[in-house]
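Undergrad: below are the sequence and a predicted model; questions follow.
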Amino acid sequence: MVEKHFSLLKDYETVRAVSLKIIEPLEIEEMVVQPTTEVSPIKWHLGHTTWFYEKFILEKLGYELSNNASYNLIFNSYYKSAGKHWEQGKRGALSRPTVDQIIQYRKSIDKKIQNLSLDELKKIDSLLIAGLHHEMQHQELMYMDLKYVKYNEVIKTPYIEATLTTQQSAVEGWQTIQEGLYIIGNTSKHFHYDNETAPHKVHINECAISKNYVTNGEFLEFILSDGYKRAELWLSMGWDWINNNNIYAPLYWHKKDNEWHEYTLHGEVKLNLQSPVAHISYFEADAYARWKKLRLPTEFELEVFDRITSSSHSRVSRDNTLHPQAIRGQNNELWCWTSSQYSPYPGFKPFLDSLSEYNGKFMCNQFVLRGGCFTTPKGHYRSTYRNFYLPQQRWMFSGIRLTKDLHEF
C-alpha cells in the first residue's frame, strides 16, 4: 500500500512537470492573451489545474483554501456546486494573478500534496488520479490554445524552433468491421471517465473504415471542386456557419503567392499534401464525407476499429515534431469526428460528489470525437475515451476518417 501511494506521488510530480515544460518556450505576454472565447489564456490553465487539486482534494481533507474568494472565482471553470465562476470569455481580461503569482501558487499546492500523510493519501487517492488525468486533458488544451494565440498575432512566430520534418508512409486501404454485437464502453478497473460507462451492447452492421486519415491533398480537391459553395453538401446550420463566417478552407490554411500554406506549431509551412488534414469542424467533415459519397463513422464503429487495430496505442516521439503525420501504423494522430451525438450511455452514472459535474452536464448539442491525437499525453488515451465538441469548433486537433457500408439488407 505504501509503495502504491509513493508511486502515485511520483506520477503527480511527473504530470505537474509536463505542464511547466509546455510553457518553457513561451514569453509571459503569450500566456496572458485570449483571442477568442473558446481559447483560454495559458496562465489560466496553470491556475485552474492547481485549483482543482486544492478545491477537490485539499479542501476535502480540511485544508484552508489559498486566496479563497478570488482564486475560487477565477479558476473555477464550470463547477456550479463549487460556487460562482468567472465568465470563460473574460479570462483574458484579468491581469491578476500574474504568471509569477500562479507559478508560486502551484509550488505551494504541490508542496502540500507532496507532504500528505499516508492516511490522507488513502482517503483521496482516487481523486488524485482523476486530478492527474484532468491536468493531462489541459496539457492537450494548452497546445491547442497556444497555437491559436500565436496564429492570431500580427508578428507570427513558431512555438517550437525545430524544422517540421514529415514522415509520410500512410497505410492504404480499409479496415473491415464485421457485423455483430459489440460491448461498447469501459470494463476495466483502471481510471476512466464516467462518460465511458456503463458498458453495453451495440449492434454494428458490416462496414469498412479508412486506415488513413483524409489528407490535405484530398481535402484540397474538395475545395477546388467548389465544395464550400455547394449548398447540397452541407447541413443547414453548417451552410449558415460557413457563409456567416466566410469559411472557405480549414483553420490555419491561407494562400500566399498563389500557393497554399499552413500555420503549424513549427511556424508557417507550405501545405504538405500528404499530411492529414487537421482543424476541421464537424460541419466540414460531414460535407466532405457527403461529397465523397461516404459517411462519418459512428463512435461505436471507431471504438471497435481502435480496439482491433494492433497499433492503436503506439506512440511516436514528439520531442521535435508537433504536427499530425501520415505515419504507417499510427492511429492516434488526430481526434476524428463521428456522426454520434454526445449523450449518456444506458446506465450512465456521473462521478460521485464534487466531480459529478465533470462530463454529464455537457451531453447536449455536441458530437463525439474518437482516437486521440499527437498531443494526447502518453498513457492518457484509451479506446473508450469519448471526446466531444460543438459542430462548428475546429481549433482542436480534429481530422476525418471515412466509412463505407458493406451490409446488404
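TA: Structure's in. What do you need? Here the structure is a predicted model, which is why all the values come from computation and not from measurement.
Undergrad: what mean pLDDT does whichever strand or helix holds S70 have?
TA: Using DSSP states H and E, the element containing S70 is helix 68-75. When pLDDT is averaged over helix 68-75, the result is 90.
Undergrad: show me where pLDDT drops low in this structure?
TA: Residue ranges of the chain with pLDDT under 70: 1-6, 68, 167-170, 310-319, 328-330.
Undergrad: what is the neighbour count of the closest residue to G399 other than its chain neighbours?
TA: The shortest distance from G399 to any non-neighbouring residue, by CB to CB, 6 or more residues apart in numbering, is to L334 (3.2 Å). Placement of C-beta: from N, CA and C, glycine included. Neighbours of L334 under the rule other CB atoms under 10 Å: 26.
Undergrad: do I have it right that L334 meets M396?
TA: No - if you go by CB atoms under 8 Å, L334 and M396 don't touch, sitting 9.3 Å apart.
Undergrad: now the common contact residues for the two.
TA: By CB atoms under 8 Å, 6 or more residues apart in numbering, L334 and M396 have these common neighbours: C373.
Undergrad: how is the chain carved up into domains?
TA: 2-151, 174-405 (automatic domain parsing).
Undergrad: looking at the ones you listed, which is closest to A162?
TA: Ranking these by proximity to A162 (CB to CB) places domain 174-405 first, at 4.3 Å.
Undergrad: for E196, give me its contacts.
TA: Contacts of E196 (CB under 8 Å, 6+ apart): G185, N186, Y345, T384, Y385, R386.
Undergrad: could you redo the last one with a cut-off of 10 Å?
TA: 184-188, 303, 345, 348, 359, 382-386 (CB atoms under 10 Å, 6 or more residues apart in numbering).
Undergrad: skipping adjacent residues, who's closest to it in space?
TA: Leaving aside its chain neighbours, E196 sits nearest to N186 (4.0 Å; criterion: CB to CB, 6+ apart).
Undergrad: surely that neighbour is in a helix?
TA: No - counting by DSSP: H, G, I helix; E, B strand; the rest coil, N186 falls outside a helix, being coil.
Undergrad: hang on, the earlier thing: neighbour-wise, give me the winner out of the contacts of E196.
TA: E303 (27 neighbours).
Undergrad: buried set for the strand or helix carrying that one?
TA: Using DSSP H and E, E303 sits in helix 299-308. Neighbour counts over helix 299-308 (16 or more other CB atoms under 10 Å) mark E299, F300, E301, L302, E303, V304, F305, D306 as buried.
Undergrad: now, among the residues you listed, which is nearest to P97?
TA: The closest of those, once distances to P97 are taken by CB to CB, is E299, at 38.9 Å.
Undergrad: tell me the contacts of the closest one?
TA: 184, 202, 336-342, 367-370, 384, 386-388.
Undergrad: out of those residues, which are buried?
TA: 184, 202, 336-340, 342, 367-370, 384, 386-388.
Undergrad: nearest to H134, of those?
TA: N387 (14.0 Å).
Undergrad: the residue nearest to G399 touches P250, doesn't it?
TA: No - using CB atoms under 10 Å, L334 is not in contact with P250; the gap is 11.8 Å.
Undergrad: using CSV, write out every CA atom in stretch 337-344.
TA: Extracted in CSV, the C-alpha atoms of stretch 337-344 (Å, rounded to 0.1, in the frame of the first residue of the first chain):
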residue,chain,number,x,y,z
TRP,A,337,-15.3,13.3,-35.8
THR,A,338,-18.1,10.7,-35.5
SER,A,339,-21.7,11.1,-36.5
SER,A,340,-22.7,10.3,-32.9
GLN,A,341,-24.4,12.9,-30.7
TYR,A,342,-22.8,13.2,-27.3
SER,A,343,-25.3,11.6,-25.0
PRO,A,344,-25.2,9.3,-21.9
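Undergrad: centre of the chain to that stretch, how far?
TA: Offset of stretch 337-344 from its chain centre (CA atoms, centre = their mean, to the nearest Å): 15 Å.
Undergrad: ditto for stretch 192-204
TA: On CA atoms, centre = their mean, the centre of stretch 192-204 falls 19 Å from that of its chain.
Undergrad: endpoints of it, how far apart?
TA: Length of stretch 192-204, first residue to last, CA to CA, to the nearest Å: 24 Å.
Undergrad: also stretch 342-358?
TA: The straight-line separation of the ends of stretch 342-358 (CA to CA) is 14 Å.
Undergrad: now it: how far from the chain's centre is it?
TA: 19 Å.
Undergrad: H48 falls within a strand, correct?
TA: No - counting by three-state DSSP, H48 is not part of a strand but helix.
Undergrad: residues touching it, list them.
TA: 40, 55, 71, 74-77, 91, 102, 134-135, 138, 141.
Undergrad: closest one of those residues to A326?
TA: Closest to A326, out of all of the contacts of H48 and judged by CB to CB, is L141, at 24.5 Å.
Undergrad: wait, what's in contact with that closest one?
TA: L141 neighbours (CB under 10 Å, 6+ apart): V39, S40, I42, H45, H48, T49, T375, W395, M396.
Undergrad: now the phi/psi pair for it, please.
TA: The phi/psi pair for L141 (degrees, to the nearest 10) reads phi -60, psi -40.
Undergrad: S117 reaches L61, doesn't it?
TA: Yes - using CB under 10 Å, S117 is in contact with L61, at 9.5 Å.
Undergrad: could I get the full set of helices for the stretch 151-300 of the chain?
TA: Ranges of helices within the stretch 151-300 of the chain are 216-224, 236-244, 282-291, 299-308, based on DSSP state H, counting those that start in this stretch.
Undergrad: the last one: what's the following helix or strand?
TA: So that's helix 299-308. strand 335-341.
Undergrad: strand partners (parallel or antiparallel) of that next one?
TA: strand 367-370 (antiparallel), strand 398-399 (parallel) (DSSP bridges).
Undergrad: so how far is it off the chain centroid?
TA: 13 Å.
Undergrad: and for stretch 90-100?
TA: Centroid separation for stretch 90-100 versus its chain: 24 Å, with CA atoms, centre = their mean.
Undergrad: kindly report the same for stretch 154-163.
TA: The answer for stretch 154-163 is 22 Å, by CA atoms, centre = their mean.
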